[in-house]
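A.B. asks: Sequence and predicted model, in that order:
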Amino acid sequence: MTQADLQSDHMKLEDTRVTRRYFGKFAKITQHLTKVAATMQAEGRFDRREIEILARYLTGLNWTFRAMAHKYHFAGRYAHAGALTFDRVESGFPVYQELLEMANDAQQADRHLATQPSVAALKDEMVRVILGEQEIPTKLQYALSQRLYYEELAKGDLFWARNDPQAVWLRNADDRRMFQVHWAVYDSQVNLPTIYLMDVADTGRTGLPKDEARWPQAQAHLMAQSVAGLKLLTIARGFDEDFDDLHPTRLRRFHIGPMYSNAFTRQSGPLRDVLRAANAPAGDDWALVWTEEDLVSERVENVKSGWFGSVERQIFALDPFAGGGGDTGASRMERALIMPERPYQALAERNPPGFHDVRKFVVNDGGRVLSYR
């Protein structure tokens, strides 16, 4: 894709009302995501530990959008407010560069906060300007939005462009320790948040998170391979071959998005027509895709290593019915749609091809989640 193509796919939100509508939409979406994940747990799709990990990333994503909303709260109303750039064709989410800029701002958040007036002081000054000078205190309002932005960054626990691997001990089994490694990225290829969970059997002398030699190497390896264009099979095999005493028994990847919106995005396909037919209110004009890929080891083979040794290698199960078997690089892949009631009604009425087997989660502002096949 050329630079010109990328620029045509990306759009700046330079109107205050449109920017606030965009972030208002995502505030709803990210809040619904944790409830949908909890519904999946109730159905037995995840255990409590896994749902806590997913919820941590989804909550961090909510805080990331909250911080961005403060940053661009006065886009179009104040000359130096800037404008959000988002991917209106592929993902509906902000572009990767926005996350990089936020990470850079976070490194300097304390310095900014130390030199800015407090929230209370800014509000007092705004009242003085309104009552005394009878003017709208736009500059002070902008200063307040930036103060709130840096306060959100300083709190931490946001979803960053890179969320490095962490390892959770599960149990000991025979001569090995079992860990679950989790990490997440904001994928630069598709401008989407992506979460990874990997179950690992560790036969090393020192437990993986405490191993000063292997753990940094394993973290760097996983982050380098966290690209949407790589199949799970490629990632898992590469890890298995690079670490003789670390054995990935299961690898899952969750793609959060794309987000479709009749008001904001230009994606093609049936969902665009469904949202147009739904004619939903501004806050309910959306549908979000949730994709889970799952790769499971079905057996272990011992292969020769050196002159006299051997090492374990995982043989992964591939879905024989999905897109030509091994072409998917996963044992299973499932897509789900998360949407408000009006878009779901339009989808059910139109019943476009290809959506029959897609899981649908229908959400509303009251917190209710309904699940349909």
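C.D. replies: Nice, I can see it.

A.B. asks: Looks to me like Val227 is in a helix.
C.D. replies: No. Counting by DSSP: H, G, I helix; E, B strand; the rest coil, Val227 is not part of a helix but coil.

A.B. asks: Can you get me a residue count around it?
C.D. replies: Val227 has 15 neighbours, counted by other Cβ atoms under 10 Å. Bear in mind the C-beta positions are built from the backbone N, C-alpha and C, glycine included.

A.B. asks: who's in contact with it?
C.D. replies: Asp187, Gln189 (Cβ atoms under 8 Å, 6 or more residues apart in numbering).

A.B. asks: now Tyr186
C.D. replies: Contacts of Tyr186 (Cβ under 8 Å, 6+ apart): Tyr96, Leu99, Phe159, Trp160, Ala161, Arg162, Leu192, Pro193, Thr194.

A.B. asks: same check, this time on Ala346
C.D. replies: Val274, Leu275, Ala277, Ala278.

A.B. asks: just Ile130 next, same as before
C.D. replies: By Cβ under 8 Å, 6+ apart, the contact list for Ile130 reads Ile136, Pro137.

A.B. asks: Surely it is in a helix?
C.D. replies: Yes. Under three-state DSSP, Ile130 sits within a helix.

A.B. asks: any idea of the pLDDT on it?
C.D. replies: Ile130 is assigned 94 on the pLDDT scale.

A.B. asks: where does it sit relative to Pro137, distance-wise?
C.D. replies: 6 Å (Cβ to Cβ, to the nearest Å).

A.B. asks: next structured bit after the host helix or strand of Asn302?
C.D. replies: Using DSSP states H and E, the element containing Asn302 is strand 287-305. Beyond strand 287-305 in the direction of the C-terminus, DSSP H and E gives the next helix or strand as strand 309-317.

A.B. asks: so which of the contacts of Tyr186 is the most crowded?
C.D. replies: Pro193 (26 neighbours).

A.B. asks: Quick check: phi and psi at that one.
C.D. replies: Backbone torsions for Pro193, taken as degrees, to the nearest 10, come to phi -70, psi 140.

A.B. asks: is it true that it touches Gly257?
C.D. replies: Yes. Contact criterion Cβ atoms under 8 Å: Pro193 and Gly257 qualify, at 7.0 Å.

A.B. asks: list residues touching both of the two?
C.D. replies: Phe93.

A.B. asks: In JSON lines: the contacts of Tyr186, plus distance to His80.
C.D. replies: Shown next, in JSON lines, are those (distance: Cβ to Cβ, whole Å):
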{"residue": "Tyr96", "distance to His80": "23"}
{"residue": "Leu99", "distance to His80": "21"}
{"residue": "Phe159", "distance to His80": "26"}
{"residue": "Trp160", "distance to His80": "25"}
{"residue": "Ala161", "distance to His80": "24"}
{"residue": "Arg162", "distance to His80": "28"}
{"residue": "Leu192", "distance to His80": "30"}
{"residue": "Pro193", "distance to His80": "29"}
{"residue": "Thr194", "distance to His80": "33"}
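
A.B. asks: how about TSV for the residues you listed, with secondary structure added?
C.D. replies: TSV is the format used below for the contacts of Tyr186 (three-state DSSP):
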residue	secondary structure
Tyr96	helix
Leu99	helix
Phe159	coil
Trp160	coil
Ala161	coil
Arg162	strand
Leu192	strand
Pro193	strand
Thr194	strand
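
A.B. asks: Quick one: the helices in the chain, in order.
C.D. replies: Counting by DSSP state H, the chain has helices at residues 3-9, 16-42, 48-71, 96-107, 109-115, 119-128, 138-155, 214-224, 232-242, 270-278, 341-350.

A.B. asks: Quick one, which of the ones you listed gets closest to Asp285.
C.D. replies: For Asp285, the closest of these is helix 270-278, at 6.2 Å, according to Cβ to Cβ.

A.B. asks: Of the contacts of Tyr186, just say which sits nearest to Leu170.
C.D. replies: Scanning those for proximity to Leu170, where the rule is Cβ to Cβ, the winner is Thr194, at 22.6 Å.

A.B. asks: which sections of the stretch 251-373 of the chain are below the confidence cut-off?
C.D. replies: For the stretch 251-373 of the chain, applying pLDDT under 70 flags the ranges 304-310, 321-326.

A.B. asks: Might you report the residue contacts of Lys71?
C.D. replies: Lys71 touches Gly82, Met102, Ser145, Gln146, Tyr149, counting by Cβ under 8 Å, 6+ apart.

A.B. asks: Is the last one in contact with Phe65, as I believe?
C.D. replies: No. Taking Cβ under 8 Å as the contact criterion, Tyr149 and Phe65 are not neighbours in contact, 12.0 Å apart.

A.B. asks: What distance do you get for the nearest residue to Trp183 once chain neighbours are set aside to Met198?
C.D. replies: Take Trp183 and drop its neighbours on the chain: the residue closest to it by Cβ to Cβ, 6 or more residues apart in numbering is Pro165, 4.0 Å away. From Pro165 across to Met198, the span is 8 Å (Cβ to Cβ).
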